[in-house]
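J.: pasting the structure only:
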């Protein structure tokens, strides 16, 4: 069947880039109603303003989940990082800002299978909140238009263990103090020790929720955007053993 010039233009536009390896609005564009990973392999640029703005916060979360599924399946999208670099040099339109831990085993861009220009990424031990990170989140959402604030914790977190053990070490002492409120708030039956992996992970999950609470308490800018429905603030836990990202409320 012969394609119209309009259909050809639409297909070319989709081929250029789709957020996190999928095509937004695919059902309206593709006669098949879905896109294969072969389409993802054709990406040649960063997320555009039009693509980012067309998504709701919930859709951004869905795309992150799909990216994590690709990561776990070993079917990550083939990316042209040089093309992404070139296309984002004049401007960036990330869909999310992710506050993660400094842990080397939790690179958000990889575990969510995103490319250059897709997400803002802030990292600090224990994914705790401070003024500088709050300011960065406000810039990402209120100025740059990101749709999602995601606090990403993980299992077997060394910072959590340090807070449980009341470690004292230079500037680390003050950082761990930001984690400690999560300890008494954690409901757990069993040995409450840094040597108990289940307890460490329980505190880490609570710490994600505490960080979310701190964001809402300390940033009227983000709270206002959330009330308007412009953004969503949520959290997730990454499992080092199986690569699963579990979103938490």
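T.: Right, received. Where do you want to start? It should be emphasised that the depicted structure is a prediction, and the values quoted were computed from it without experimental measurement.
J.: show me the helices in this protein, by range?
T.: With DSSP state H as the criterion, the chain has helices at 5-16, 26-29, 37-40, 49-53, 57-73, 81-88, 108-111, 131-138, 158-164, 172-179, 182-185, 197-218, 220-228.
J.: reformat those helices as a markdown table; add distance to residue 125 and mean neighbour count.
T.: C-beta: built from backbone N, CA, C; applies to glycine. Compiled in a markdown table, the helices of the chain are given as follows (distance: least, Cβ to Cβ, whole Å; neighbours: other Cβ atoms under 10 Å):
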| stretch | distance to residue 125 | mean neighbour count |
| --- | --- | --- |
| helix 5-16 | 38 | 13 |
| helix 26-29 | 39 | 13 |
| helix 37-40 | 33 | 15 |
| helix 49-53 | 30 | 15 |
| helix 57-73 | 22 | 19 |
| helix 81-88 | 27 | 16 |
| helix 108-111 | 15 | 18 |
| helix 131-138 | 12 | 16 |
| helix 158-164 | 4 | 23 |
| helix 172-179 | 6 | 17 |
| helix 182-185 | 14 | 16 |
| helix 197-218 | 11 | 20 |
| helix 220-228 | 22 | 15 |
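J.: and residue 102, which of these is closest to it?
T.: helix 158-164 (8.1 Å; Cβ to Cβ).
J.: by contact count, what packs against that closest one?
T.: helix 172-179, helix 182-185, helix 197-218 (3 or more Cβ pairs under 8 Å, 6 or more residues apart in numbering; DSSP states H and E).
J.: one more pass at 6 Å, please.
T.: Where contact means 3 or more Cβ pairs under 6 Å, 6 or more residues apart in numbering; DSSP states H and E, helix 158-164 is packed against helix 172-179, helix 197-218.
J.: list the helices and strands the shortest one packs on?
T.: Packing contacts for helix 172-179, counted by 3+ Cβ pairs under 6 Å, 6+ apart, involve helix 158-164.
J.: if we can go back for a sec, so which of the helices of the chain comes closest to residue 151?
T.: helix 197-218 (4.6 Å).
J.: now what about the closest one, what contacts it?
T.: Helix 197-218 has contacts (Cβ atoms under 6 Å, 6 or more residues apart in numbering) with 127, 129, 134, 151, 153, 155, 157, 160-161, 179, 181-183, 185-186, 188, 192, 223, 233, 235, 237.
J.: let's have the helices of the chain in JSON lines, adding mean pLDDT.
T.: Below are the helices of the chain laid out as JSON lines (pLDDT from 0 to 100):
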{"stretch": "helix 5-16", "mean pLDDT": "39"}
{"stretch": "helix 26-29", "mean pLDDT": "34"}
{"stretch": "helix 37-40", "mean pLDDT": "34"}
{"stretch": "helix 49-53", "mean pLDDT": "94"}
{"stretch": "helix 57-73", "mean pLDDT": "97"}
{"stretch": "helix 81-88", "mean pLDDT": "92"}
{"stretch": "helix 108-111", "mean pLDDT": "97"}
{"stretch": "helix 131-138", "mean pLDDT": "98"}
{"stretch": "helix 158-164", "mean pLDDT": "98"}
{"stretch": "helix 172-179", "mean pLDDT": "98"}
{"stretch": "helix 182-185", "mean pLDDT": "98"}
{"stretch": "helix 197-218", "mean pLDDT": "98"}
{"stretch": "helix 220-228", "mean pLDDT": "98"}
